[in-house]
Structure formats: structure tokens, C-alpha cells
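Undergrad: I need the structure of the sequence given here:
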Amino acid sequence: MFFLEVSVGQYLGVGGMSVVGQLAPIFKGVGYSAIMMVFLENVYYIIVITWTLFYLFNTFMDLPSLPWSDCSKGNGTWATVSCWAPESGIPYAESVAAMHNISEADTETAVEQFWKNEVLHASGGIEEIGEVQWDLFICLIVAWALVYGFIWKGLHNSGKLLWVCAVFPYIILSILCVKALTLEGASEGLKFLFTPEWERLYEAEVWIDGGTQIFFSYGVGIGSLLALGSYNKFHHNCHRDAIFVCCVNSFTSIFSACVIFSILGYMAHQKGVEVGEVVQSGPALAFLVYPEVVLAIAPSPFWAFLFFIMLLNLGLDTQFSSVESLMTGLVDNWPEQLRPHRKKFTLGMTVFMCLLGLPMITRGGIYVFQLMDFYAASGLSLLWCVFFQTIAICWVFGAKKFYLCIEEMIGYRVSMYWYVCWVFLAPAFMVFIFVFYFVRYSPITMGAYHYPAWGEVLGFAISLSSMLWVPGYAIYYLLSTKGSWSEVLRQGVTPVIKPRKEAVMAEEKARLTYQDVRDVELNIEGDLSDESFDSYDSKKCLGEDL
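TA: Below is the predicted model:
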């Protein structure tokens, strides 16, 4: 799917909403669905960067140590009687938790309580939304200012920045990995990571999380790959790049998992509990695990600074791509109105999304964030969008036809493996997960907290806000297009492609082999107007089926 989206964006030279609509007009709602998802993702993912900035600023607040290094640093503020830090050197029997008859397994480390009580000021649930945390509000503004500062000209003009954001995290992660593997209990954490729990295959949440995590980590289905692919030169080898990027992505996931679970093993060893009982899974995991390991590396503030700079790079890298995908999709769909005012439009959207993020920096914000994370741009909505995108490209437009388009770009025909995946395996996999989710449905939770019924209804409403665009636009197309039902359906599945000039040139070279190639190039460059390109009907790749 990664390769498919990049190659489609590269062939057409556009991204976002207009892509699927060109290949199959009746499925143009898929583009609107993707734009809605990426819009919602931009609203909530920036909160991760906000938390990162909060930690980054606090790294310098208690030099030469860290604010979360000991429970005593939070006395009277964020530390409660259940706080006990094993690395502080105070035996459990002499700790405040023991004096209040709190068992060792029920204690929380200084890192955990700093996160929950100082960063989040977390309430008891989404019912208690509370007030805005002003320190997080400042960090949110800084985060959006950073994003806008780098993408206002367009992400394709920020190449050097992206290289730094891509390479720097590997350096820091490698250093943390060396230290993590030497900690006591690290082997138990790795054993827990690589020991399969087969019984969990019967849980719908495992399948929906696993499937959508792959899509989300690769950026599939939200338009970012289409947008970034559109910036490639027409003959760029996107096939090679897709394989390389996906391999690097998978390696990075496994590599970072080894670091995380080595640290979890160390934390479990310190508390005397099982690895699975150390911390709760969810968006907070990185802010509980890595701040713990930097306490074991001297000087702690220096390594904490490097780690949070790394996390900031990773977060900004993702946010850059998502915002660029949103802007490209909107501008390409309304080029005459928006392209001349792209900078102002980007600024206006940035301010609007910043305001929408305010509920997630309240005392109940973490519960809102979890709801958005589960329903907005992952899970059902992401599977729904990717499924219909695949159907539109590979079944309606034609996978074999697009095979020839790819051959024109990269100069050789790719393996039939891709055809089988696009036409059969990927759609079947998505349908299976979608159906299995409802068959084995379980309500959303966050640790021991169970969301109220209205919270689940709100979550499904968030998902439907993007999902309904697909059937909604199809109904609109059928009702608004003139002609009989058969004529309208025929129009709805007939491509209305506006190919790049390079695509037309490649097509002409393939069809008119009896002419001198140079003459063809000169004729096309000199004679074909923009209208000619817009109405061009290729019989090999863009028009008649094979």
C-alpha cells in the first residue's frame, strides 16, 4: 500500500483529495475522508509534541538533577504518599508508602507521578474535563509555531531539515539502547517482548491495533504519501524507495521496542513485579519509560535533553508530513482560490487546529486524547478509507493498467507480488479486521478507567465524521450527475485524469516508436497546450483497459 500510494502521487503529480477522484470519480469521497482524518490527526498529534516540550523545558529546572529523579522533589506538589523511587536508595520499609500501608506493588515511581500529577494534572475521567493547563498551553503554541515556521513555504523546500530529523534520532536511540541492555532485568523485558501470547489473537483490539499501527506508522491512507510522492520527478524510482523505507521503518519499530522493553524489564526488577504490570500501555509509555532510563545515565540532565530533542524531532517530522498532506490536499482541490494565498491559508488553519487542541491540555485532556487517538485517524476510519482507496485504484481504475503506468515511470515492470497484494490480499485483510472488530467488540478503556457510554458514542461520531464522506459523496454523485443510472455509473468509474506533462511524453514515446524520440519531445513541448494535457486520453495507461 505504501508503494501504491507513492507511485500514484508521483504519476499524477498531485496529492490529497483530487487523486482518487481522478481515477474513479464516484469514489472522490475517499479523498475527503482522508483529508478529514489527517485534519483530526493534526489536531491531536501535536499534543505529543506539547508534552515533549514541557519535559524539555523542565530538564533545566532542577540542575544538576532532574525534577522527576526523586519523590522528595514533589513534596507538596505532585508527589503523593504512594510515591517511592527505588533508585533513590531509600529502602521500601523506610519509605512514606510503607508508613501508609501501601504495598510495594501498588507504589508509583517519581517518574510516573511526575507525569500524572505534574504534566497532566489528570482528573478522574473524561467527565471531569477541568481547566486548561497554562504551562501546556504555552508549549502548544510553541509547538504550532515550530510547525508553521518550517512548512509555510511547503515541505519540499525543507529537505535539509528533514534529513536532520530523520538521522538524529537513530544516534540517540543507539546510545540509549547500549545503556538499556546493560540494566538489571533487561533480559526479562526482552523475553516478555518476544514471547508470543497466542490466546490474545482472539481479542479484536489486538488485530485492530496491529493492523492500523502498520498503516499509521507507514503513513498509509491519510494522504501524506500521495502528497510527498507528487513532489518526486516523474522517472524517480519509487519502487526502490518504497522497499527501502518500509524496511527501515520495520527495523526502527523493532529496534525501539527492544530499548523500551529492556527498560520495562529494569523497572519491573526494581519494583519486584512482572513486566506486564509495570506501566499501562498507551500514549504515555514513552514519557514513563525513557525518563526512567536517563536517571541511570550520568549526567542525567544532559541525556534527558538529548532524548527529548530526539522525541521532538520525531514528533515534528510526523507533524510536518501530516500538515503538508492536509495543505496539499486542500490547495490541489481548490487551486485557483487557495494557491495564491497558501501562506495565509496555512497560518489560518494552524491557528484553527491549535484552538481545537485546547480540550486535550485540560485536566481531563488525556482521556480526550486517548479517544481521539483510538477513533480519529486509526482503527475503523483508517481501515475504511484505505479499503475504498484500494478498490478505487486497483479494481475500478485497474491494477494491470496502473502496472503500465509504473513501468513508464521507473523503466521496468515490477513483480506480480504487488498485483496480488493490491487486488486480493490487502482488501481481504482489511475486511477481516473490520468484521472481526465488531464480532469481538470490547468498549474502549484507558488502564483501569472505563469510558462512559456517551464517551464511546462520541468516539464513533469522530470516526463517522471521516467515514461518511465515502458513501455520502457517492450518493451525491449519483443524484447530481445528469443521465440515466447506467450512464451515471459509467461516468463514475471512468477516469478523468489530468496527467503530468512527463506522463504524456512517456506515453507518446511508447506509442510512436517509429518517430525519432527527440522529435516527439520537441513536438509535445511546443504544440500541446495545458488544455491538451487536461483532456489527453491515453490508450495504453490512462484510457482504454488492457
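Undergrad: Now do the buried residues in the particular helix or strand that has D317 in it.
TA: Per DSSP states H and E: D317 is located in helix 300-333. Judged by neighbour count (16 or more other Cβ atoms under 10 Å), helix 300-333 contains these buried residues: 300-301, 303-333. The C-beta positions use only the backbone N, C-alpha and C, and glycine is treated the same way.
Undergrad: pLDDT weak spots in the stretch 351-500 of the chain?
TA: Within the stretch 351-500 of the chain, the stretches with pLDDT under 70 are 499.
Undergrad: how about the strands in it?
TA: For the stretch 351-500 of the chain, the strands defined by DSSP state E, counting those that start in this stretch cover 445-446, 449-450.
Undergrad: Looking at those, which one is packed in the most?
TA: strand 445-446 (a mean of 17; mean count of other Cβ atoms under 10 Å).
Undergrad: Now do that strand: which elements does it pack against?
TA: helix 365-375 (3 or more Cβ pairs under 8 Å, 6 or more residues apart in numbering; DSSP states H and E).
Undergrad: The helix it packs on: how far from the chain's middle?
TA: For helix 365-375, the separation from the chain centroid amounts to 14 Å (computed by Cα atoms, centre = their mean, to the nearest Å).
Undergrad: Wait, G125 touches V368, no?
TA: No. Look at G125 against V368 with Cβ atoms under 8 Å: they stay out of range, at 10.7 Å.
Undergrad: neighbours around the closest residue to C139 other than its chain neighbours, how many?
TA: Nearest residue to C139, sequence neighbours excluded (Cβ to Cβ, 6 or more residues apart in numbering): L53, at 4.1 Å. Neighbourhood size, L53 [other Cβ atoms under 10 Å]: 23.
Undergrad: Using the three-state scheme, assign L53.
TA: With DSSP: H, G, I helix; E, B strand; the rest coil as the basis, L53 sits in helix.
Undergrad: Distance of it relative to C258?
TA: 27 Å (Cβ to Cβ, to the nearest Å).
Undergrad: next one: S466
TA: Counting by Cβ to Cβ - S466 and C258 are separated by 34 Å.
Undergrad: The two - which one has more neighbours?
TA: S466 (26 against 19).
Undergrad: Identify the residue nearest the more buried one in space, chain neighbours excluded?
TA: M36 (3.9 Å).
Undergrad: any idea of the angle the strand or helix carrying the one you found forms with helix 365-375?
TA: Using DSSP H and E, M36 maps to helix 29-58. Helix 29-58 and helix 365-375 meet at an angle of 150 degrees, taking axes from the mean of the first three to the mean of the last three Cα atoms, to 10 degrees as the criterion.
Undergrad: Just the residues contacting the helix or strand just after helix 29-58, thanks.
TA: Using DSSP H and E, the next helix or strand after helix 29-58 towards the C-terminus is helix 96-99. Here helix 96-99 makes contact (Cβ atoms under 8 Å, 6 or more residues apart in numbering) with 71, 81-84, 92, 104, 106-107.
Undergrad: Please dump these into TSV; it should also carry neighbour count, pLDDT and distance to M446 for every row.
TA: Listed next are the contacts of helix 96-99 as TSV, based on neighbours: other Cβ atoms under 10 Å; pLDDT from 0 to 100; distance: Cβ to Cβ, whole Å:
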residue	neighbour count	pLDDT	distance to M446
C71	26	85	24
V81	15	86	23
S82	17	86	19
C83	25	86	21
W84	25	83	24
Y92	15	77	28
E104	15	74	24
D106	12	78	19
T107	23	83	21
